[in-house]
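Enquirer: what would the 3D arrangement of this be:
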Amino acid sequence: MKKCFSVFALLFVYFSSFSQQADEQEPTFNIKTISFVQNGRNVIPFFKLGDTFELQFDDLYGDEADYYYTITQYNYDWSAPSNLSKAEYLTGMDNQRIITYLNSFNTLQIYSHYKQVFPNKFNRITKSGNYLLTVLNDENEVVFSRRFILYEEEVNVNLLVRRSRDFETIDTKQNIEMSINYGDKILQNPIQNVKVTLFQNGNWKTSITDIKPQYTLGSELIYRYNKETQFWGGNECYTIDNKIIRATNNTVSKVTSGDNIYNTYLYVNSARKNLPYTYFPDINGNFFIANANTTNPEIEADYSWVYFAVEAPTFFDSNIYVSGMFNNYTISDEYKMEYNKVTGLYEKALLIKQGFTNYQYITTDKTGKIDFQNALDGNHYQTENNYTAIIYYKGNSERYDRVIGIANTNSEVIKN
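Expert: Got it, this is the predicted structure:
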């Protein structure tokens, strides 16, 4: 009986490991500035199958530690790995050591900068779909993991941003309408087998998934929902510009150098919830690493303690977090602001690599759920946001979810 129970327990653990959802694991405290890079810029990790891209990150220990990576394909909603074996979507072998790294040069904060190019001489991904890239240390412990998507261009996708049709949210939400034209391609039961995920500014945590077409017109799938495809408009992002790390500007009020590292004090922000919308250019939550006085910012850009401060209403009863692509829109204690009774401000200091960084303030209710409706900086239908649609297809006899199309648009062209 004990032997049977042991076998059952092993089988349970084995199958449970293959049904685990692909949640991104945030890095250990010494790992900073995780970035998918293409053409020298941080990008949202949606890549055409076969195109070259890089994963980059810094280790603040600066001791040239060994790191390894694995690649796993997942189904469209990231709930489980696909039914393919690794050999069916990957030529060569993963679990390779990241061999390209350099130590920082002429910086107060030492770090080792790691870079892994895909595809490479050791492996190449051969199928489109959802992928989880996991980085491990030399003790086979997970250091962090990140999602990325590889797509094919098999269908034509049109996106349109409109204001909400609901009177209650007409001034605060943006709605996505879409059509997919698959032409003369044969898609089995597209109403059920074609699935769509919508993204606002590349944020996985606010994406809308599993959207089915409302109806078809010939070879077109039509999506003209209202509530099902709505996003809160939010407000334009704030910016940190410390490309010249010792200088002040219209985003940085003061710079000091203490404890062998720079301190960057930002101007105090005020809640914009009840203020009219004001346009000012941003990069929709993105960040660019830059040092204006160097030629290789990957290893010559320094780190700084950046001090955030925001004035919230005295009756404010929510948690406030600093968020953006620079921290993968993470909501955790590391990025939670604390109320300072002396200054009357919510404050937080974060270690951030110098450059041009967008950020925003995210609020959560008492249960820890993001409170979009009562956002500290309000919601406006005029806010300029980027939107992306990812189109999945899995035929009746296929064993994985292909990504057969992608489309991008911007709410600058919003329609009434």
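
Enquirer: quick check: domain ranges of this protein?
Expert: 21-151, 156-233+383-413, 238-364 (automatic domain parsing).

Enquirer: in the helix or strand hosting Leu102, which residues are buried?
Expert: Using DSSP states H and E, Leu102 maps to strand 100-103. Buried positions in strand 100-103, judged by neighbour count with 16 or more other CB atoms under 10 Å: Tyr101. C-beta coordinates here come from the backbone N, C-alpha and C atoms, glycine included.

Enquirer: output the contacting helices and strands for whatever helix or strand comes next after it.
Expert: If you walk from strand 100-103 toward the C-terminus, the next helix or strand you reach (DSSP H and E) is strand 112-118. Using 3 or more CB pairs under 8 Å, 6 or more residues apart in numbering; DSSP states H and E as the contact test, the elements touching strand 112-118 are strand 53-59, strand 100-103, helix 297-300.

Enquirer: of all the ones you listed, which one is nearest Ala312?
Expert: Ala312 lies closest to strand 53-59 among the helices and strands packed on strand 112-118, at 31.9 Å (CB to CB).

Enquirer: got the contact list for that closest one?
Expert: 27, 30-38, 43, 45, 47, 65, 67, 69, 104, 111-118, 133, 135, 144, 146, 148, 298, 353 (CB atoms under 8 Å, 6 or more residues apart in numbering).

Enquirer: same check, this time on stretch 95-111
Expert: Contacts of stretch 95-111 (CB under 8 Å, 6+ apart): 32, 58-62, 64, 66-70, 112-117, 122-123, 135, 257, 260-262, 294, 296, 298-303, 351.

Enquirer: please spell out the ChimeraX selection for the buried subset of the residues you listed.
Expert: In ChimeraX, this line selects whichever of the contacts of stretch 95-111 come out buried by 16+ other CB under 10 Å:
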select :32,58,59,60,62,67,68,69,70,112,113,114,115,116,123,135,262,294,298,299,300,301,302,303
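
Enquirer: so what strands line up beside the one helix or strand Leu133 maps to?
Expert: Here Leu133 sits within strand 129-137, counting by DSSP H and E. With DSSP bridges as the test, strand 129-137 is paired with strand 67-74 (antiparallel), strand 142-151 (antiparallel).

Enquirer: export that strand to PDB, keeping only CA atoms.
Expert: What follows is strand 129-137, C-alpha atoms only, in PDB (Å, rounded to 0.1, in the frame of the first residue of the first chain):
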ATOM      1  CA  GLY A 129       3.300  31.100 -29.700                       C
ATOM      2  CA  ASN A 130       3.600  32.100 -26.000                       C
ATOM      3  CA  TYR A 131       7.000  31.500 -24.300                       C
ATOM      4  CA  LEU A 132       8.300  31.700 -20.800                       C
ATOM      5  CA  LEU A 133      12.000  32.500 -20.500                       C
ATOM      6  CA  THR A 134      13.400  31.400 -17.100                       C
ATOM      7  CA  VAL A 135      16.800  32.400 -15.800                       C
ATOM      8  CA  LEU A 136      18.500  30.200 -13.200                       C
ATOM      9  CA  ASN A 137      21.600  30.400 -11.100                       C
END
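
Enquirer: residues contacting it, please?
Expert: 22, 24-25, 55, 57, 65-76, 78, 82, 89, 98, 125, 142-150, 400-403.

Enquirer: tell me who's in contact with Lys86.
Expert: Here Lys86 is in contact with 71-73, 94 (CB under 8 Å, 6+ apart).

Enquirer: likewise for Thr33?
Expert: 56-58, 289, 326, 353.

Enquirer: now for those residues, which pair is the farthest apart?
Expert: Across the contacts of Thr33 (CB to CB), the longest gap, 13.0 Å, separates Gln56 and Phe326.

Enquirer: with neighbour numbers in mind, choose between the two.
Expert: Phe326 (26 against 19; other CB atoms under 10 Å).

Enquirer: just grab the bridge partners of the closest residue in space to that one that isn't next to it in sequence for me.
Expert: Nearest non-adjacent residue to Phe326, counting by CB to CB, 6 or more residues apart in numbering: Phe287, 4.5 Å away. According to DSSP bridges, Thr357 are recorded as the beta-bridge partners of Phe287.

Enquirer: run a quick neighbour tally on Phe287.
Expert: Phe287 is flanked by 23 other residues according to other CB under 10 Å.

Enquirer: for it, give me the pLDDT.
Expert: The confidence metric pLDDT takes the value 98 at Phe287.

Enquirer: now do the contacts for it.
Expert: 42, 324-326, 355-358.

Enquirer: just the buried residues out of these, in ChimeraX syntax.
Expert: Remark: buried members of the contacts of Phe287, expressed as a ChimeraX selection using 16+ other CB under 10 Å:
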select :42,324,325,326,355,356,357,358
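
Enquirer: as CSV, the contacts of Phe287 with distance to Asn249 would be great.
Expert: Converted to CSV, the contacts of Phe287 look like this (distance: CB to CB, whole Å):
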residue, distance to Asn249
Asn42, 21
Gly324, 19
Met325, 21
Phe326, 18
Gly355, 13
Phe356, 11
Thr357, 13
Asn358, 15
